[in-house]
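In: when you get a sec, could you give me coordinates for this:
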Amino acid sequence: MRRLSLKWHSMAFYSILLSVVTVFVLNVPQAFTYAREKKAFPLIRVGDNFPDLELVSPREKKYRDYLGLPDKEVFRLNDIKAEVLIVEFLNKYCYHCQQQAYLMNRLYKEIKKDPELKDRVKMLGIGVGNNWIQLVNFRREKRIPFPLIPDQDFLAFEGIGYPGGTPFTLITKKEGDVFVVKDTHLGMIEDRMVYLEKVRKILTNAEVASSKTTYKSAYESLDPGITEEELKAMIIERLKGRGLTTQEITPLSLKEVPRVFMIKFKKEGNLDVWFAALGSEGKVCDVCHDIHFIYVFDRQGVVQDFIPIHVTKFGNKPFEEADVEKTRKALVGKNLTKPIQYNPDTDAVSAASMTSALIFKGLKQGTRIFEALKKEGYTQ
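Out: Residues are numbered from 1 along each chain as shown. Purely as a prediction, here's the structure:
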C-alpha cells in the first residue's frame, strides 16, 4: 500500500508540475515573427543552373565585347561567351567588398595574362542595391577592370535566393547552353592564387573542395526580436507624441502578406483609421545586421510615419534621432499605390546608404499589403 501511495503522490506531483509549466509557457510573451512570402527562386547552391534572369547590359561597349554580348540594353547570363564565368555579387558600401576589390583586380590580371585562361574565363560584378553612378564611382576608386552592372532593385540577388550578405562569389561553368554553379563563397576570398587554382580545376572538370557553403537565405528567418505587445506599445507611444490617442490596435489576417495592424485613433475628437506594417529586410553586407522597422499608412495608402525597431549604419551603430527624422521625411507622403523610387542623393542617411536602400525596398512590400487590404474592404 505504501508503494502504491508513493506512486500516486508522484503522479499527482508531476501532473501539477506539468499544469504549472503549461500555464507558464502559454503566458510567456511570444516573439513577433516576420513571415516573408515564399520566393520564386530558392537559395542557389553548387550544382544548380544559374537562374535565367534578365540583367542590365554594361553601358560601355568594351565591356559588352569582353563578355561577348550584343549591343542591347538587357541580357541573360547564359548569353555570355565564356567557358567559366566568375560572378561577384557586391555592394559599393560593403566593407568586405571594398577590401576584396584589390584581390579581384589581381585575379582578373592573372587570368588575362594566362594564354590558357584569358579567352575562356570571364568575370562579372553585380552591384546589389547600387545604381550606375555608384558603380562608376566604385570602379574609379578601386580601379576595377572587369564589367560591373547594377542590381538596384535587388532583383538579381533575390533571383539567387538572397544569400546572407556580400561579397558573394560564384564560379560557374558552361554546360551546353547554361552556366552551372561549381563553387560558392560568402565573404572575403583569402588567397587569390588558391582561388585561381580552383578556377583552373573547374575549367578542366577536375573535382574541387567546396568553399564556404554554410550560408542561408535572409528570408529563412527575419526575426525583429519583438513581441506583438511591444510592437503595439511602440505604435501607441509614437502616435501619442504626435497628439493622437490610440483607441485600439487589431492584428489583421491577410493572405500571403506580412502581418499588418489596423489602428483606430482619435484626433481632435474625431475617430480615424490607419494601418501599420512591419518591414524586415535581410542584410546586404556579410558583417552587417538585418533591419526591422514599422511603417504607418492611411486608408488611401499614403505613408504617415516611420518607427525604427532595429536600423543601423556603418559599424552597426543604431540610427540617431537625426537619422530617424531624415528617413521619416523621405518616406512620409509616399503613396503605396504608386511606384516608390529610392534616390541615394536625397534619401540616404549618412554612413547608412545600404540601410536606407533596404528601408525603401521594405516599403515596396506595402504595395502588396495595401492591395490585400483593399481586396478585404479595409481601404478606399
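In: so what's the most centrally placed residue in the chain up against?
Out: Nearest to the geometric centre of the chain sits G282, at 3.5 Å (Cα atoms, centre = their mean). By Cβ atoms under 8 Å, 6 or more residues apart in numbering, the residues touching G282 are 162, 164, 217-219, 222, 290. Any C-beta I mention is one placed from the backbone N, CA and C, and that applies to glycine too.
In: hey, where'd the strands end up in the stretch 101-250 of the chain?
Out: With DSSP state E, counting those that start in this stretch as the criterion, the stretch 101-250 of the chain has strands at 121-128, 148-151, 168-175, 178-186, 245-252.
In: longest single strand anywhere in this structure?
Out: If you go by DSSP state E, the chain has its longest strand at strand 270-281.
In: avg pLDDT for it?
Out: Average pLDDT, strand 270-281: 95.
In: could you dump stretch 252-261 to PDB, C-alpha only?
Out: Taking C-alpha atoms only, stretch 252-261 is exported to PDB below (Å, rounded to 0.1, in the frame of the first residue of the first chain):
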ATOM      1  CA  LEU A 252      -5.400  41.500 -39.300                       C
ATOM      2  CA  SER A 253      -5.100  38.200 -41.100                       C
ATOM      3  CA  LEU A 254      -4.400  38.700 -44.700                       C
ATOM      4  CA  LYS A 255      -3.300  36.100 -47.200                       C
ATOM      5  CA  GLU A 256       0.300  36.000 -48.500                       C
ATOM      6  CA  VAL A 257       1.400  39.200 -46.900                       C
ATOM      7  CA  PRO A 258       3.400  40.100 -43.800                       C
ATOM      8  CA  ARG A 259       1.500  40.900 -40.600                       C
ATOM      9  CA  VAL A 260      -0.400  44.200 -40.600                       C
ATOM     10  CA  PHE A 261      -2.300  46.000 -37.900                       C
END
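In: got the buried residues for it?
Out: 252, 254, 257-261 (16 or more other Cβ atoms under 10 Å).
In: nearest to Y102 among the contacts of G282?
Out: G164 (23.6 Å; Cβ to Cβ).
In: got the domain ranges for this structure?
Out: 54-203, 228-375 (automatic domain parsing).
In: just the strands in the stretch 251-380 of the chain please.
Out: Using DSSP E, counting those that start in this stretch, strands in the stretch 251-380 of the chain cover 260-267, 270-281, 291-298, 303-310, 312-313, 317-318.
In: quick one: mean pLDDT over stretch 221-231.
Out: Here the average pLDDT along stretch 221-231 is 89.
In: sorry, slip of the keys, the one I care about is stretch 118-129.
Out: Here the average pLDDT along stretch 118-129 is 97.
In: report the buried residues of that stretch.
Out: So, applying 16+ other Cβ under 10 Å, buried residues of stretch 118-129: 120-129.
In: which one of these is nearest to Y66?
Out: For these, the nearest to Y66 is K122 (6.8 Å; Cβ to Cβ).
In: deepest-packed of the strands of the stretch 101-250 of the chain, please.
Out: Of all the strands of the stretch 101-250 of the chain, strand 121-128 has the most neighbours on average by mean count of other Cβ atoms under 10 Å, namely a mean of 25.
In: so which elements touch that strand?
Out: Identification of packing neighbours for strand 121-128 by 3 or more Cβ pairs under 8 Å, 6 or more residues apart in numbering; DSSP states H and E yields helix 61-67, strand 84-90, helix 95-113, helix 132-142, strand 148-151, helix 155-159.
In: burial of the closest residue to S353 other than its chain neighbours, as a residue count?
Out: With sequence-adjacent residues excluded and distances taken as Cβ to Cβ, 6 or more residues apart in numbering, S353 is closest to Y93, at 4.9 Å. Around Y93 there are 24 other residues, counting by other Cβ atoms under 10 Å.
In: tell me which element Y93 falls in.
Out: Using DSSP states H and E, Y93 maps to neither a helix nor a strand.
In: tell me the contacts of it?
Out: By Cβ under 8 Å, 6+ apart, the neighbours of Y93 are 285, 353-354.
In: how far off centre is stretch 93-100?
Out: Offset of stretch 93-100 from its chain centre (Cα atoms, centre = their mean, to the nearest Å): 17 Å.
In: show me which positions of that stretch end up buried.
Out: Neighbour-count burial for stretch 93-100 [16+ other Cβ under 10 Å]: 93-94, 96-98, 100.
In: tell me the one of those nearest E321?
Out: Closest to E321, out of all of the buried residues of stretch 93-100 and judged by Cβ to Cβ, is Y93, at 22.3 Å.
In: what pLDDT is listed against P258?
Out: 78.
In: my read: it touches L278, true?
Out: Yes. P258 is within contact range of L278, at 6.0 Å (criterion: Cβ atoms under 8 Å).
In: quick one: contacts of the helix or strand containing F75?
Out: If you go by DSSP H and E, F75 is part of strand 74-76. Identification of contacts with strand 74-76 by Cβ under 8 Å, 6+ apart yields 52-57, 67, 69.
In: parallel or antiparallel, list what pairs with that strand.
Out: strand 54-56 (antiparallel) (DSSP bridges).
In: which residues touch the strand it pairs with?
Out: Against strand 54-56 from outside (Cβ under 8 Å, 6+ apart): 73-77, 126, 149-151, 156.
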